[in-house]
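Undergrad: the following comprises the amino acid sequence and a computationally predicted model.
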Amino acid sequence: MIRTYTAESVTSGHPDKLCDLIADTILDECLIQDENSHVACEVMLAHNKCFIAGEITTKAKVDYIEVAREVIKEVGYDNNIEYECRIHEQSTDINQAVEKEDQGAGDQGIVYGYATSETENFMPLPITLANRLIQRLEECRKKRIIKGLLPDGKSQVTIEYDGSKVKRIVSIVLSTQHTEFKDIEVLRKEVREKIIDYVFEDYNLDDTSILINPSGRFVIGGFVADTGLTGRKLMVDTYGGRAHHGGGALSGKDASKVDRSGAYLARYIAKNIVAARLAEECEVTISYAIGVSEPTSIDINTFYTGQYNDLFLKQLVEKVFDLKVGHMIDKLDLKRAVFSQTSVGGHFGKEYFLWENTDKIGALQDSIKYLLGYEKTLLD
């Protein structure tokens, strides 16, 4: 069956992504001083104003406005902007549910994790390539490999599949903000040669539609042109639309919020299942209730690619993985200040994060033997 899948990615200077980066950097600054910080931070950027709001309970002493100012400067925008901060402490009702000995979830939530064998990092190919385009674009801007680039930018990749096999790259779209006097045709030539051909050197692009700055001039960008908000790039943050999404944003939240930590756990489980060759593709669904440590449900979907049926794999996961909120925070070391590294280029597929480890392959394979033997005993 012929199908197409499309994924997009955005630069650190995209208004929404810049909001994510500011929120996660604030989270990291809190965790550096107090690993038990509870943070739910939201940022809005619009018309040369940065608005920071949310609930933060921490012993850390953090100048939230100064953090935002430094992030905006580092990304490449000037700081002739106005700041407003409205932060208060987390509700005591929520806090008592999170702080109890058997830690409960900081909110209810449905999360999804996904993995596929089609790439080395077990991510869908469209989002992998879209992210690589953005990484290369950022590199060309910061190292001045291409002169005249500015911080805002987007990529989009569409791939045609025949069944599970890649048939061709259908289209590549790359839009980059640029300086006033950058010739658009020169820009397109340089982007094609130094970014697109660089990223797609192993692919045949003869039958590919390539669009570079299709709207033409892109001088006015960033949060002068568009309003930015945290949590508005959910598909960019995850799997490019190849998997379901529970609707909860990831950035700006500490690990007690299962929108974030649960999504990391679900990815960890899905990746280990695929890495153990128990399926070619796997989606894990987990739901939590506020104040409750154990999930209220878990489901496995291997899209008919599993070596065993999905119900059996669910039993396998429940045996091998501890799904309690407190345990997953400890196992994935989610009190460390690593979250600003997730903000740009996706939260998944980066091998240096613990939720990308495949250290449960042996346990999964051993438990299969146990469960099959146990089921046989019951049948006898």
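TA: On my side now, so go ahead. Numbers count the residues shown, from 1 in each chain.

Undergrad: quick one: contacts for the nearest residue to Asn301 once chain neighbours are set aside?
TA: For Asn301, ignoring the flanking residues on the chain, the nearest one in space by Cβ to Cβ, 6 or more residues apart in numbering is Glu283 at 4.6 Å. In this view, the C-beta of every residue, glycine as well, is placed from N, C-alpha and C. Counting by Cβ atoms under 8 Å, 6 or more residues apart in numbering, Glu283 makes contact with 112-114, 243-244, 270, 300-303.

Undergrad: can you put those in a markdown table and add pLDDT, distance to Ala40 and secondary structure?
TA: Putting the contacts of Glu283 into a markdown table (pLDDT from 0 to 100; distance: Cβ to Cβ, whole Å; DSSP: H, G, I helix; E, B strand; the rest coil) gives the following:
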| residue | pLDDT | distance to Ala40 | secondary structure |
| --- | --- | --- | --- |
| Tyr112 | 98 | 21 | strand |
| Gly113 | 98 | 22 | strand |
| Tyr114 | 98 | 25 | strand |
| Ala243 | 95 | 24 | coil |
| His244 | 95 | 23 | coil |
| Ala270 | 98 | 26 | helix |
| Ile300 | 98 | 30 | strand |
| Asn301 | 98 | 30 | strand |
| Thr302 | 98 | 34 | coil |
| Phe303 | 96 | 34 | coil |
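
Undergrad: please state the offset of stretch 196-214 from the chain centre?
TA: The chain centre lies 24 Å from the centre of stretch 196-214; the measure is Cα atoms, centre = their mean, to the nearest Å.

Undergrad: flag every buried residue along it.
TA: Residues 196, 199-200, 208, 210, 212-213 are the ones in stretch 196-214 that count as buried (16 or more other Cβ atoms under 10 Å).

Undergrad: same check, this time on stretch 222-238
TA: Within stretch 222-238, the residues scored as buried using 16+ other Cβ under 10 Å are 222-223, 228-233, 235-238.

Undergrad: of these, which is the nearest to Tyr352?
TA: Asp237 (16.9 Å; Cβ to Cβ).

Undergrad: how many neighbours does Tyr161 have?
TA: 17 (other Cβ atoms under 10 Å).

Undergrad: dump the buried residues of stretch 222-238 to TSV, plus secondary structure, pLDDT and distance to Ala40.
TA: Shown next, in TSV, are the buried residues of stretch 222-238 (DSSP: H, G, I helix; E, B strand; the rest coil; pLDDT from 0 to 100; distance: Cβ to Cβ, whole Å):
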residue	secondary structure	pLDDT	distance to Ala40
Gly222	helix	88	25
Phe223	helix	90	22
Gly228	strand	96	18
Leu229	strand	97	14
Thr230	coil	97	10
Gly231	coil	96	11
Arg232	coil	95	16
Lys233	coil	96	18
Met235	helix	97	22
Val236	helix	97	21
Asp237	helix	98	17
Thr238	coil	98	19
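
Undergrad: any chance of the contacts of Glu283 in a markdown table, plus neighbour count and distance to Arg69?
TA: Below are the contacts of Glu283 laid out as a markdown table (neighbours: other Cβ atoms under 10 Å; distance: Cβ to Cβ, whole Å):
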| residue | neighbour count | distance to Arg69 |
| --- | --- | --- |
| Tyr112 | 21 | 35 |
| Gly113 | 26 | 35 |
| Tyr114 | 26 | 36 |
| Ala243 | 24 | 36 |
| His244 | 16 | 37 |
| Ala270 | 29 | 38 |
| Ile300 | 25 | 45 |
| Asn301 | 21 | 44 |
| Thr302 | 21 | 47 |
| Phe303 | 13 | 46 |
